[in-house]
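K.L.:
Structure for this input, please:
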Amino acid sequence: MPSPSDWIEHRRGDRELLGWMRPDGDGFVVIDLLGRVVTDAVDWLTAEETLESTGLGYLAEPFELLLDDDGDAHWLRVRIVEVSTEHVLVKKEDWGDVTATAVYYSAPFPVADRLRPLQGDAHVLPGPDSLAG
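P.N.:
Residues are numbered from 1 along each chain as shown. Predicted coordinates:
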């Protein structure tokens, strides 16, 4: 994949970065802020419309980070804290508990398969075992 410096930034009216358009033949591939490919090659207008309609709201949704602790791979529910072309910083979900110790993880950019939208119902809390630690 070409480096982000080869990608064309797309910003909304307030200058907030929404993502990139990567040249691909006669078209452009849409890349979101997590470095994920959103479309196949499309025309310029479709690429811009895709980024505008996608927006930034997905960054506030719950995600899961794949952790591999000594060969014990598992998904941890997280929230995105910071996004850059160097890394994506996430925080272990604490459901707004101000007394909880904040636990942060850094995922490489692009996130590839280590970070995904939460699988299952975001409104269902996990069992007590997954809340510990």
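K.L.:
Work out the gap between the longest helix along the chain and the centre of the chain.
P.N.:
Ranked by number of residues, the top helix in the chain under DSSP state H is helix 44-54. From the chain centre to the centre of helix 44-54 is a distance of 18 Å (Cα atoms, centre = their mean, to the nearest Å).
K.L.:
elements contacting that helix?
P.N.:
If contacts are counted by 3 or more Cβ pairs under 8 Å, 6 or more residues apart in numbering; DSSP states H and E, helix 44-54 sits against strand 8-11, strand 17-24, strand 27-31. C-beta coordinates here come from the backbone N, C-alpha and C atoms, glycine included.
K.L.:
For the helix or strand following that helix, which strands pair with it and how are they oriented?
P.N.:
Along the chain past helix 44-54, the next helix or strand (assigned with DSSP states H and E) turns out to be strand 63-69. Note on strand 63-69: by DSSP bridges, its sheet partners are strand 72-83 (antiparallel), strand 115-117 (antiparallel).
K.L.:
Report pLDDT for Gly71.
P.N.:
The model reports Gly71 with a pLDDT of 79.
K.L.:
how close does it sit to Val37?
P.N.:
Going from Gly71 to Val37 by Cβ to Cβ, to the nearest Å gives 30 Å.
K.L.:
which one of the helices and strands packed on helix 44-54 is the most hemmed in?
P.N.:
strand 27-31 (a mean of 21; mean count of other Cβ atoms under 10 Å).
K.L.:
For that one, the averaged confidence score.
P.N.:
98.
K.L.:
List of residues touching that strand?
P.N.:
Outside of strand 27-31, the residues within contact range by Cβ atoms under 8 Å, 6 or more residues apart in numbering are 7-8, 19-22, 37-44, 47, 50-51, 54, 110.
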